[in-house]
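# Sequence plus the predicted model coming up.
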Amino acid sequence: MFGSLLDREAGSFRLAPFGLQVPVSRHYEPGTNTLVTTWNTQTGWAVVRDALILGPRRHDDVVTPHTRPPTDEDAEHLLVRTVRCIDGRVEIELICEPVFDYGRTPADWELADEERHTVDATGAGLTLRLRTDLVAGIEGGRVRARHVLEQGEACFCALSWGEGLAVPDDHDDAVRRLEATTEFWRRWLANTHFPDHPWRQAIQRSALTIKGLTYMPTGATVAALTTSLPETPGGERNWDYRYTWMRDTSFTLRTLHLLGLDWEAEEFIQFVADLEPNEDGGLQIMYGIDGRRDLTEWFVDELSGYAGASPVRVGNAAFDQRQNDVYGAALDSILLHTQRSQRLPRRLWPIVQRQAEGAMRVWREPDQGIWEARGEPQHYVSSKLMCWVAMDRAAKLAELRGDRVLRDEWAAVAEEIRADILEKGTDARGVLRQHYATDALDASTLLAAVFGFLPRDDERLRASVLAIADELTEDGFVLRYRTGETDDGLSGKEGTFLICSFWLVSAMAIIGETQRARDLMERLLRVASPLLLYAEEFDAATGRHLGNFPQAFSHLALIEAAAELIMSERVEEFTQ
């Protein structure tokens, strides 16, 4: 309903000085997801705080029903904004103009009180409530208010879509809710484990981002908050990432356990256990954050797209693709969780069996690969690699369960897959290739280092990592592949992939190239957005982030790369 990123007429909501569009600064309050924006006008200074509100759980959530046990705090389905004049005097403007159903249904507004402080907007079967201590007026499909704040004065607005459309009573109530939300984030952060290291701030911000991307009712983590922010400016590489990908599961579990977030890890693994499998017992490559399977893709022709990049997509047609890496991602995450919790829940064992059987069934077959290429299926090395991960982890889980027959059977298949990859998936230099029919490089083969496919001192692993570092980079950042060498079914160039660059940091640390890993990590940390957030891609030539934002995969990879490199540094310190 607020889609102005994709079309200037697709809805917006602002509380800011009249006539200004560019603030002086924007940052998160330390240790929180509360945003602080500072404005300077010709007559004064103003500071805006806004947050999605979390507070004490009062009753069952009927707006987003929980499948996981509710915690003491929960989302209140409320956005609160306050503004305070800290110097001089500032004329403040409130404009709320939702356009429902992706910019296709303007709001019908109606005053809900006689004082003109509460207004309801209805459209496409939804109702919102706007509450403010300013005097609001309805102007067609929008509500607008203006007021001059003197130094020390403040005002607020709040938007509710919760049960009963509950809103703050006044400015003091709005501030109390913001403070409760701030307290929640800092208390949550205090329960995580962070090293005393110069990268601590980046790791903490990434952790807060991952938590912010988590859908509390089910425990799922959304890949990104946006749809159709382009990978190529003005191009067609625009996707809807508001879903949860199975390939993210192992990285999510690794990161959560690494940070000591065992509750979130348990919630996420239970979400995976709840998912409805395909007819063959395997999992889809992605699901809705509520667990739904049908993610049929369609175009919103009414929207012009970000800076003219079209089409704007809702849904993701890749949901029913064949991607053989899904088995390894699921089983690696289950093994990680089992080792951490020291127990294999009874309800997970059938999933282990189905995923192992699926990997055995499909590992010899071509697929669309980890990048969801829309060209012809190929024998992608990373897909074979993840099938090896599936069988290797399944064998370890069978051993933990005491089933030696399945352990031996699955371990034998893992070795068969390894031998096939090393025979057909390497070039004359011993470098892992993109797929069996090409010598082109692909950054996804860095997973051979991340998942322990080859020993750290194996020359083929070292050659593969260094080949990507030297031959698949632009300005030092890693491409996932060269579009001219890959049939991905699309036109246009794309930026360097941030997750691949973080993977390269991890891989170089693993093979002992600690200094090169550290140099790349420092460069990656310098290109973060002013809010220390990362999109999917980075255009080194312009310094622009590209693709959907913020990207969970990028932040997960950042945390893992930092952990791998910090561990390598600590080992070096103790062995010198």
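Good, I have the coordinates.
# so how many other residues sit close to Ala158?
Ala158: 24 surrounding residues under other CB atoms under 10 Å. Yep, even glycine has a C-beta here, placed from its N, CA and C like the rest.
# ok, residues contacting the helix or strand where it lies?
Per DSSP states H and E: Ala158 is located in strand 154-160. Contacts with strand 154-160, where a contact means CB atoms under 8 Å, 6 or more residues apart in numbering, come from 13, 15, 77-85, 92, 94, 96, 128-134, 147, 149, 166-168, 170-171, 174-175.
# so how far is the next helix or strand after that strand from its chain's centroid?
Counting by DSSP H and E, the next helix or strand C-terminal to strand 154-160 is helix 171-190. Here the centre of helix 171-190 is set off from its chain's centre by 24 Å, with CA atoms, centre = their mean, to the nearest Å.
# Likewise for stretch 362-370?
Per CA atoms, centre = their mean, the centroid offset for stretch 362-370 relative to its chain is 25 Å.
# what's the answer for stretch 370-386, then?
For stretch 370-386 - counting by CA atoms, centre = their mean - the centre lies 22 Å from the chain centre.
# What residues sit buried inside that stretch?
Residues 370-373, 377-386 are the ones in stretch 370-386 that count as buried (16 or more other CB atoms under 10 Å).
# Turn those into TSV, including pLDDT and secondary structure.
Output for these, formatted as TSV (pLDDT from 0 to 100; DSSP: H, G, I helix; E, B strand; the rest coil):
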residue	pLDDT	secondary structure
Ile370	85	coil
Trp371	83	coil
Glu372	73	coil
Ala373	72	coil
Pro377	87	coil
Gln378	91	strand
His379	93	coil
Tyr380	94	strand
Val381	95	helix
Ser382	93	helix
Ser383	93	helix
Lys384	95	helix
Leu385	95	helix
Met386	94	helix
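# from the residues you listed, which is closest to Glu357?
Nearest to Glu357 among those, counting by CB to CB, is Met386 at 15.4 Å.
# Quickly note the distance from that closest one to Trp363.
From Met386 over to Trp363 the distance is 9 Å, taken as CB to CB, to the nearest Å.
# which residues do the two both contact?
Asn324.
# that older thread, the strand holding Ala158 pairs with which strands, parallel or anti?
Using DSSP bridges, strand 154-160 pairs in its sheet with strand 73-97 (antiparallel), strand 126-132 (antiparallel).
# Please work out the angle formed by the directions of it and helix 171-190.
In terms of direction (axes from the mean of the first three to the mean of the last three CA atoms, to 10 degrees), strand 154-160 departs from helix 171-190 by 70 degrees.
# Dump the C-alpha coordinates for the longest helix along the chain into PDB.
In the chain, ranked by residue count with DSSP state H as the criterion, the top helix is helix 552-575. C-alpha atoms of helix 552-575 as PDB (Å, rounded to 0.1, in the frame of the first residue of the first chain):
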ATOM      1  CA  ALA A 552      19.100 -11.800   4.400                       C
ATOM      2  CA  PHE A 553      21.600 -13.900   2.500                       C
ATOM      3  CA  SER A 554      24.100 -11.100   2.400                       C
ATOM      4  CA  HIS A 555      23.900 -10.500   6.100                       C
ATOM      5  CA  LEU A 556      24.000 -14.200   6.900                       C
ATOM      6  CA  ALA A 557      27.200 -14.600   4.800                       C
ATOM      7  CA  LEU A 558      28.700 -11.500   6.500                       C
ATOM      8  CA  ILE A 559      28.300 -13.000   9.900                       C
ATOM      9  CA  GLU A 560      29.800 -16.400   8.800                       C
ATOM     10  CA  ALA A 561      32.700 -14.700   7.000                       C
ATOM     11  CA  ALA A 562      33.500 -12.600  10.000                       C
ATOM     12  CA  ALA A 563      33.400 -15.600  12.300                       C
ATOM     13  CA  GLU A 564      35.600 -17.700  10.000                       C
ATOM     14  CA  LEU A 565      38.200 -15.000   9.700                       C
ATOM     15  CA  ILE A 566      38.200 -14.000  13.300                       C
ATOM     16  CA  MET A 567      38.600 -17.700  14.200                       C
ATOM     17  CA  SER A 568      41.600 -17.900  11.800                       C
ATOM     18  CA  GLU A 569      43.100 -14.800  13.300                       C
ATOM     19  CA  ARG A 570      42.800 -16.300  16.800                       C
ATOM     20  CA  VAL A 571      44.400 -19.600  15.700                       C
ATOM     21  CA  GLU A 572      47.300 -17.700  14.100                       C
ATOM     22  CA  GLU A 573      47.700 -15.800  17.400                       C
ATOM     23  CA  PHE A 574      48.000 -19.000  19.400                       C
ATOM     24  CA  THR A 575      50.300 -20.800  16.900                       C
END
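# which parts of that helix are buried?
Using 16+ other CB under 10 Å as the burial criterion, the residues of helix 552-575 that qualify are 552-566, 568.
# Can you pull the phi/psi pair for the closest residue in space to Glu97 that isn't next to it in sequence?
What sits nearest to Glu97 in space, not counting adjacent residues and going by CB to CB, 6 or more residues apart in numbering, is Arg142, at 3.6 Å. Main-chain torsions, Arg142, degrees, to the nearest 10: phi -140, psi 160.
# which ones are touching Arg142?
Ile95, Cys96, Glu97, Ala107, Trp109.
# those helices in the stretch 451-576 of the chain, which residues are they?
Assigned by DSSP state H, counting those that start in this stretch, the helices in the stretch 451-576 of the chain fall at 459-471, 498-510, 514-526, 552-575.
# sorry, that was for the stretch 151-300 of the chain
Counting by DSSP H, counting those that start in this stretch, the helices of the stretch 151-300 of the chain are 171-190, 200-212, 248-258, 262-274.
# ok, and what's touching the longest one?
By CB under 8 Å, 6+ apart, the surrounding residues in contact with helix 171-190 are 29, 31-34, 49, 51-56, 73, 76, 78, 80, 82, 133, 154-156, 158, 168, 204, 207-208, 211.
# low-confidence ranges in the stretch 451-576 of the chain?
Scanning the stretch 451-576 of the chain with the threshold set as pLDDT under 70 gives 486-494, 576.
# about what we covered before: closest to Leu533 out of the strands paired with strand 154-160?
Of these, the one closest to Leu533 (CB to CB) turns out to be strand 73-97, at 18.7 Å.
# Past that closest one, which element shows up next along the chain?
As assigned by DSSP H and E, the chain's next helix or strand after strand 73-97 is strand 99.
# Quick one: name whatever helix or strand follows that next one.
helix 100-103.
# Report the distance from the helix or strand that comes right after that following helix to the chain centre.
For helix 100-103, the following helix or strand on the C-terminal side (DSSP H and E) is strand 105-106. Taking CA atoms, centre = their mean, one finds strand 105-106 lying 29 Å from the centre of the chain it belongs to.
# Please list the outside residues in contact with the next helix or strand after strand 105-106.
Next helix or strand after strand 105-106 toward the C-terminus (DSSP H and E): strand 108-111. With contacts defined as CB under 8 Å, 6+ apart, strand 108-111 is touched by Thr118, Val119, Asp120, Ala121, Thr122, Gly123, Ala136, Ile138, Gly141, Arg142, Val143.
# For the second one, give me its contacts.
Translated: Val119. Trp109, Glu110, Leu111, Ala112, Arg129, Leu130, Ala136, Ile138, Val143.
# what's the closest of those residues to Ile334?
Of all the contacts of Val119, Ile334 sits closest to Arg129, with 43.0 Å by CB to CB.
# Which pLDDT value belongs to the closest one?
pLDDT recorded at Arg129 is 97.
# any idea how far it lies from His77?
Arg129 sits 11 Å away from His77, going by CB to CB.
# Which neighbours do the two have in common?
Common contacts of Arg129 and His77 (CB under 8 Å, 6+ apart): Ser160, Trp161.
# Next, count neighbours for Arg429.
Arg429, neighbours per other CB under 10 Å, totals 13.
# give the contact list for it.
Ala463, Ala467.
# and it, that's in a strand?
No. Going by DSSP: H, G, I helix; E, B strand; the rest coil, the assignment for Arg429 is coil, not a strand.
# Kindly list the main-chain dihedrals of it?
Backbone torsions for Arg429, taken as degrees, to the nearest 10, come to phi -90, psi -10.
# what about it, distance to Met567?
According to CB to CB, Arg429 and Met567 sit 29 Å apart.
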